[in-house]
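**Student:** One predicted model, sequence on top.
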Amino acid sequence: GESVGLHLPTLSVQEGDNSIINCAYSNSASDYFIWYKQESGKGPQFIIDIRSNMDKRQGQRVTVLLNKTVKHLSLQIAATQPGDSAVYFCAENQGWGANSKLTFGKGITLSVRP
Amino acid sequence: EAGVVQSPRYKIIEKKQPVAFWCNPISGHNTLYWYLQNLGQGPELLIRYENEEAVDDSQLPKDRFSAERLKGVDSTLKIQPAELGDSAVYLCASSLGKMNTEAFFGQGTRLTVV
C-alpha cells in the first residue's frame, strides 16, 4: 500500500547550524502536507504546512520544500536551537472536510548539540 | 485557553484487564479524534467523531475497543480486555471544523500492559 516515510531515524546537529529533515511520500493523490514536532511527553504540534500547488513555504526559522516529481518533502530549520530537539513527523492528507484522511510517517529524532 | 486535556497521563495494567481513557477537547471543537501512537511511529487514527456521531471508526478494533462521546463534548476510549500489544500512547485531538489537518493534540495517555 502507499505510505509516508522518513529517510533517517535520527539527526544530530550543532546548535546554530541549519537542520534538514527529509520525508518521502508515495501517494500521488496527496494534496496537503504538514510537518509536526513532538517533544517528549507531549502530543504532536503543528509546525508548518504546504499545499500541493506550492513548492516552497516559509515560516519563522522553518521552510518546507515540496518536490512532487520525486515525491519528496523536507523541513529546513535555520539556526537550530536546543528547543528544536524533538521528534519530527511529516504527514500527508488526501481528501477534504469530513473525507479528509491524514497519514503520518515515521518519526525522526532531531538532537541539538550545545 | 486550555488545550486538549487527557487523563490519566500514565496507566499500567495487567493483560486481560479493562482500561479507559478520557478526553476533554478544546471548547467549541466539534470534531474529536482518537489516535494510537507506537514508539517511533506516527499517530494512527482509531476513530473520529463529528459531535456525538462516530463518522470514521474503520480502524478501531471493535472486538476489544470501544469509544463514546455521548454529549458531543468529552469522550472516553475503552479497551476490554487489554492485550500486551496494546501498550502505546493514546492521543486525543480536536478540531473546530472537519479538517483533521487543523487538529490540536492532547498530551496523550501512555498505556503499559504487563
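**Tutor:** Happy to help now that I have it.
**Student:** ok, now how distant is the closest residue to chain A within chain B from A:G16?
**Tutor:** Per Cβ to the nearest Cβ, B:G42 is where chain B lies closest to chain A, at 2.5 Å. For the C-beta atoms, the positions are set from N, CA and C on the backbone; glycine is no exception. Distance check for B:G42 against A:G16: by Cβ to Cβ, to the nearest Å, it reads 29 Å.
**Student:** Which one's more surrounded, these two?
**Tutor:** B:G42 (23 against 12; other Cβ atoms under 10 Å in any protein chain shown).
**Student:** you'd agree that one is in a strand?
**Tutor:** No. Applying DSSP: H, G, I helix; E, B strand; the rest coil, one finds B:G42 to be coil, outside a strand.
**Student:** Dihedrals phi and psi, it?
**Tutor:** Dihedral pair for B:G42: phi -80, psi 160, per degrees, to the nearest 10.
**Student:** give the contact list for the closest residue to it other than its chain neighbours.
**Tutor:** Using Cβ to Cβ, 6 or more residues apart in numbering or on different chains and skipping the chain neighbours, the partner closest in space to B:G42 is A:F104 (2.5 Å). The neighbourhood of A:F104, defined by Cβ atoms under 8 Å, 6 or more residues apart in numbering or on different chains, consists of A:4, A:36, A:44, A:89-91, B:41-44.
**Student:** okay, now residue 26: neighbour count?
**Tutor:** No chain was given, so I picked chain A. Using other Cβ under 10 Å, the number of residues around A:S26 comes to 12.
**Student:** hm, I was asking about chain B
**Tutor:** As a burial measure, B:I26 scores 18 neighbours (other Cβ under 10 Å).
**Student:** Can you list the buried residues in the helix or strand bottoming out on mean pLDDT in chain B?
**Tutor:** The helix or strand of chain B with the lowest confidence, counting by mean pLDDT, DSSP states H and E, is strand B:53-56 at a mean of 92. Using 16 or more other Cβ atoms under 10 Å in any protein chain shown as the test for burial, strand B:53-56 gives B:54, B:56.
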